[in-house]
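Peer 1: after the sequence you'll find the predicted model.
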Amino acid sequence: MKRTHERTAVAAVLFLGALAQGARPQQAEAEKAELPKYEKVAGLELRGTLDSVGSDTMNNLMTYWAEGFASYYPEVKVQVEGKGSSTAPPALIEGTAHFGPMSRAMKASEIDEFEQALGYKPTCLRTCLDALAVFVNKDNPIESLSLEQVDAVFSKTRNRGFPEDVTTWGQLGLTGAWASQPISAFGRNSASGTYGFFKETALAKGDYKDTVKEQPGSSAVVQGVAESRGGIGYSGIGYRTSDVRAVPLSTAKGKEAFAADIENVLNEDYPLGRYLYIYVNRAPGKALDPMVREFLKFVYSREGQQVVEKAGYLPLPVDVCRAERELLD
């Protein structure tokens, strides 16, 4: 498949299936062992500050990677600011960030702005896989949802064709005391890449309801769902807690629903799988700053992909790790 900076979220998910070729979790574990261990470069002394500006979804990831990298280069500090994926492109253009983590691919308009300002395109690096989860309160007995139902909960346009606006859990099949329980929907603000991915993929580019409670971060979404009996919200799987439950999803009514786990993301069965990215500013023909290069090599090492699991996300297939690592040299 041709590699482009303009890969859409949907194209990214399709690409996962082609790479996985039926991979199972035990195969992914074996593949991870094939990745090189990170080795400190002999004679290379690094010190200074690296700035990361972008995705809130990747805050914990960037922090954990920074902690792991510091064990090799304790004089390198990584400052992480996560206010949403849309803050990454301008920070890279203005030179106020070395890393632009994003939970979605850059839009064509963002790439154009970057290129107009600097004369070349940003470098796009896939770092790991995520299952964007639809969470409900831990006490909610709902067994599964279709994307049509999810759309009717969160969107006022209902582009997926559900016949009615959904405002109570009874409309989704729950009975007893749950039948009249109002749905309280939580989501991200428009600066978030997760907001954009969910809008495009789950809502079929529809418009959010005005009643969706926009939150400044992923943890706030999960907390809102945890504290609301009728709560429902979307967030990266890495923010799951014991107070919420990720609901299995199907692409349409009557089709099989799949849990948000590595097997179903790799096999393309879970409908809201995605890559998480880091963008960097690298001029053509010029080497990356040594601090930036070594940090990214750590991300694609065995240790770096173990950090991905620590943060609750899914490590990359080894083929993808190798392909991204080659871009650093």
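Peer 2: Looks like it came in fine.
Peer 1: from now on I want contacts and neighbour counts done on CA atoms only, so please keep to that.
Peer 2: Fine.
Peer 1: how far away is N281 from L314?
Peer 2: For N281, the distance to L314 equals 25 Å [CA to CA, to the nearest Å].
Peer 1: these two - which one has more neighbours?
Peer 2: L314 (27 against 21; other CA atoms under 10 Å).
Peer 1: what's around the spatially closest residue to the more buried one that is not a sequence neighbour, how many residues?
Peer 2: If you skip the residues right next to it in sequence, L314 has L129 as its closest partner in space, 4.8 Å away by CA to CA, 6 or more residues apart in numbering. Around L129 sit 25 other residues, with neighbours defined as other CA under 10 Å.
Peer 1: roughly how far out does whatever helix or strand L129 lives in sit from the chain middle?
Peer 2: Element membership for L129, per DSSP states H and E: strand 123-137. Relative to its parent chain, strand 123-137 has a centroid offset of 3 Å by CA atoms, centre = their mean, to the nearest Å.
Peer 1: just checking, what packs against the helix or strand just after that strand?
Peer 2: Remark: after strand 123-137, the chain's next helix or strand is strand 145-146, criterion DSSP H and E. Packing partners of strand 145-146 (3 or more CA pairs under 8 Å, 6 or more residues apart in numbering; DSSP states H and E): strand 249-250.
Peer 1: residues in contact with the strand it packs on?
Peer 2: Residues outside strand 249-250 that contact it (CA atoms under 8 Å, 6 or more residues apart in numbering): 144-147, 256-260, 270-271.
Peer 1: can I get these in TSV including pLDDT and distance to P101?
Peer 2: Listed next are those as TSV, based on pLDDT from 0 to 100; distance: CA to CA, whole Å:
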residue	pLDDT	distance to P101
S144	98	31
L145	98	30
S146	98	30
L147	98	27
E256	97	33
A257	98	30
F258	98	28
A259	97	26
A260	94	22
Y270	97	23
P271	97	22
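Peer 1: I'd like these written out as CSV, with neighbour count and distance to E303 added.
Peer 2: Converted to CSV, these look like this (neighbours: other CA atoms under 10 Å; distance: CA to CA, whole Å):
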residue, neighbour count, distance to E303
S144, 16, 35
L145, 21, 36
S146, 22, 36
L147, 22, 36
E256, 15, 35
A257, 21, 33
F258, 20, 29
A259, 19, 27
A260, 24, 24
Y270, 26, 27
P271, 25, 29
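Peer 1: what is the nearest of those to T123?
Peer 2: Minimum separation from T123 among the contacts of strand 249-250 (CA to CA) is found for P271, which lies at 26.8 Å.
Peer 1: what is the burial count for the closest residue to that closest one other than its chain neighbours?
Peer 2: Leaving out its chain neighbours, the residue that sits closest to P271 by CA to CA, 6+ apart is T251, at 6.2 Å. By other CA under 10 Å, the residues close to T251 number 19.
Peer 1: check the gap between T127 and L327 for me.
Peer 2: Separation of T127 from L327 (CA to CA): 13 Å.
Peer 1: can you show me the helices along the stretch 151-300 of the chain?
Peer 2: 193-201, 218-227, 262-266, 290-299 (DSSP state H, counting those that start in this stretch).
Peer 1: pick out the shakiest of those helices, pLDDT-wise.
Peer 2: Comparing mean pLDDT across the helices of the stretch 151-300 of the chain, the weakest is helix 262-266, with a mean of 86.
Peer 1: with just CA atoms, put that helix into CSV.
Peer 2: The C-alpha atoms that make up helix 262-266 are tabulated as CSV, following Å, rounded to 0.1, in the frame of the first residue of the first chain:
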residue,chain,number,x,y,z
ILE,A,262,-5.8,-6.6,20.3
GLU,A,263,-7.0,-9.6,18.4
ASN,A,264,-10.1,-7.8,17.2
VAL,A,265,-8.2,-4.7,16.2
LEU,A,266,-5.6,-6.6,14.3
